[in-house]
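K.L.:
Here's my sequence, what's the structure:
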Amino acid sequence: MSPVAAPVADVVGRIAAIQARFTPQQVAQGAGAFGGLLDAMGDSGALGGTALADAGSTGAGGAVRGEDVIAAGSRYLGVPYLWGGTDPSRGLDCSGFVQRTFADLGIDLPRVSRDQARAGTEVPSLDQARPGDLIAFGRPTVNHIAIYVGDGKIMHAPRTGEVVSITPIRRNDIASIRRVTGAATTATAPTAPAAATAATGRLGLGATASLGSSVPYGDLFVAAGQRHGVDPALLAAVAKVESGFDPGAVSRAGARGLMQFMPATAAGMGIDPMDPAQAVDGAARYLSTQLNRFGSLDKALAAYNAGPGAVQRFGGVPPYPETQAYVRKVRAAMEQFR
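P.N.:
Numbering: from 1, shown residues only. This next block holds a predicted model:
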């Protein structure tokens, strides 16, 4: 995707994030598929070689995995810090972000960081930490908490004036490392594919049985749509608008492949954006998550283009001309593939 026509402050923040990756002032909004992630994970990837599975899904037996935690937390990248905040539409503080992320996966955690720092089981050292572990900071009293994403980086709500972002860890200030993954989810926490299926049903987006033989990569769109509960016509429409079905496309902003992923986002998701099958599956995962989160096709498409943080801030499709045009184009293309 190309950069959105954002307000000046957002544009400045975007440039700063690219020029100074992993600084406390990163702003998770702008160009590329998975706009909310942007380049926050860095070119080397933030998961330390751990590939993300289905966003928001759970492993065998309903156990929450570390990668599920990272996927759930990534939905809130770009949400402003708000002391005492527990509502992402207004803002989140550090423990509010952690609590909300795990609640989305059916795991109840205490409200404040010092109590969260005693949840689960202890991890002896950072060398033994896994993505999804909690890392608490502050001595002698815990005053901050974050989610470990791997490769020496954390996802957290840093402080007033900043946003939920991914930054390098402060190793000398670690108070404790706790592992709460592996716990069974509750019945009220559906997996992302199941939830997305319900969302698409509510929106009248029932998955088409097949696409015409003239649609490039039609089999991939159908297979990914069935896996993740997303209409294959929607996936085909996104590919048409994003790249014109060109698996080798590279935008001026650096987005790559059939579905136009930014390289850092693709690395964080564990996919090769130039591989059509992986790109389509990744796009289906993301759209599944956004359909479930916002309950609206237009908002899900806006999140793909401008990032979920922008949709959250404006309470709908952001007033960016490019994003509004993007939603119209994808909707029109969908009709061609039905």
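K.L.:
correct me, but Ser176 touches His144?
P.N.:
No: between Ser176 and His144 there is no contact under C-beta atoms under 8 Å: 11.6 Å. All C-beta atoms are positioned from the backbone trio N, CA, C, and that covers glycine.
K.L.:
Would you verify that Ala283 is located in a strand?
P.N.:
No: counting by DSSP: H, G, I helix; E, B strand; the rest coil, Ala283 is not part of a strand but helix.
K.L.:
Excluding sequence neighbours, find me the nearest residue to it.
P.N.:
Of all residues not flanking Ala283 in the chain, Met259 sits nearest, at 4.1 Å (C-beta to C-beta, 6 or more residues apart in numbering).
K.L.:
what about that neighbour, neighbour count?
P.N.:
Met259 has 30 neighbours, counted by other C-beta atoms under 10 Å.
K.L.:
residues contacting it?
P.N.:
Ala33, Val238, Ala239, Glu242, Ser243, Pro273, Ala279, Val280, Gly282, Ala283 (C-beta atoms under 8 Å, 6 or more residues apart in numbering).
K.L.:
what secondary structure does the third one sit in?
P.N.:
Right, Ala239. Ala239 is classified as helix under three-state DSSP.
K.L.:
How much space separates it from Gln290?
P.N.:
16 Å (C-beta to C-beta, to the nearest Å).
K.L.:
ditto for the fifth one
P.N.:
Summarising the geometry, the distance separating Ser243 from Gln290, computed by C-beta to C-beta, is 19 Å.
K.L.:
Tell me which of those two has more neighbours.
P.N.:
Taking other C-beta under 10 Å, Ser243 and Gln290 do not tie; Gln290 has more neighbours (27 against 21).
K.L.:
In terms of helices and strands, where is that one?
P.N.:
Assessed by DSSP states H and E, Gln290 sits inside helix 276-294.
K.L.:
and Ser176 and His144? which has more neighbours close in?
P.N.:
Shown here are Ser176 and His144; by other C-beta under 10 Å, His144 has more neighbours (21 against 18).
K.L.:
I figured the more buried one hits Thr167, correct?
P.N.:
No: with contacts counted by C-beta under 8 Å, His144 stays clear of Thr167, the gap being 11.8 Å.
K.L.:
Find residues that contact each of the two.
P.N.:
His156.
K.L.:
After the helix holding Gln290, which helix or strand is next?
P.N.:
Following helix 276-294 toward the C-terminus (DSSP H and E): helix 297-306.
K.L.:
Look up phi and psi at Val215.
P.N.:
phi -80, psi 120 (degrees, to the nearest 10).
K.L.:
Not including adjacent chain positions, what is the nearest residue to it?
P.N.:
Ala236 (5.5 Å).
K.L.:
what do you get for Arg90?
P.N.:
Nearest non-adjacent residue to Arg90, counting by C-beta to C-beta, 6+ apart: Leu82, 6.0 Å away.
K.L.:
State the mean pLDDT of the helix holding Gln290.
P.N.:
Regarding helix 276-294, the rounded mean pLDDT is 90.
K.L.:
For that helix, name the packing helices and strands.
P.N.:
If contacts are counted by 3 or more C-beta pairs under 8 Å, 6 or more residues apart in numbering; DSSP states H and E, helix 276-294 sits against helix 192-202, helix 218-228, helix 232-243, helix 263-269, helix 297-306, helix 308-314.
K.L.:
could you redo the last one with a cut-off of 7 Å?
P.N.:
helix 192-202, helix 218-228, helix 232-243, helix 297-306, helix 308-314 (3 or more C-beta pairs under 7 Å, 6 or more residues apart in numbering; DSSP states H and E).
K.L.:
right, and these - which one's nearest Phe337?
P.N.:
Within the helices and strands packed on helix 276-294, the stretch nearest Phe337 is helix 232-243; the backing value is 4.0 Å (C-beta to C-beta).
K.L.:
Tell me which residues are up against the closest one.
P.N.:
Contact partners of helix 232-243, identified using C-beta atoms under 7 Å, 6 or more residues apart in numbering, comprise 1, 205, 207-208, 211, 215, 217-218, 221-222, 224-225, 245, 249, 257-260, 280, 283-284, 287, 304, 326, 329-330, 333-334, 337-338.
K.L.:
mind redoing it with 6 Å?
P.N.:
Identification of contacts with helix 232-243 by C-beta atoms under 6 Å, 6 or more residues apart in numbering yields 208, 211, 215, 221-222, 225, 245, 249, 258-260, 284, 329-330, 333-334, 337-338.
K.L.:
Among those residues, which lie within strands?
P.N.:
Among those, no member falls in strands (DSSP state E).
K.L.:
Please indicate which of the residues you listed are buried?
P.N.:
208, 211, 215, 221-222, 225, 249, 258-260, 284, 329-330, 333-334, 337 (16 or more other C-beta atoms under 10 Å).
K.L.:
who does whichever strand or helix holds Arg178 pair up with?
P.N.:
Secondary structure assignment for Arg178, by DSSP H and E: strand 174-179. According to DSSP bridges, strand 174-179 has the following sheet partners: strand 121-122 (antiparallel), strand 134-137 (antiparallel).
K.L.:
before we move on, the earlier item: how close does the residue nearest to Arg90 get to Leu109?
P.N.:
Counting by C-beta to C-beta - Leu82 and Leu109 are separated by 18 Å.
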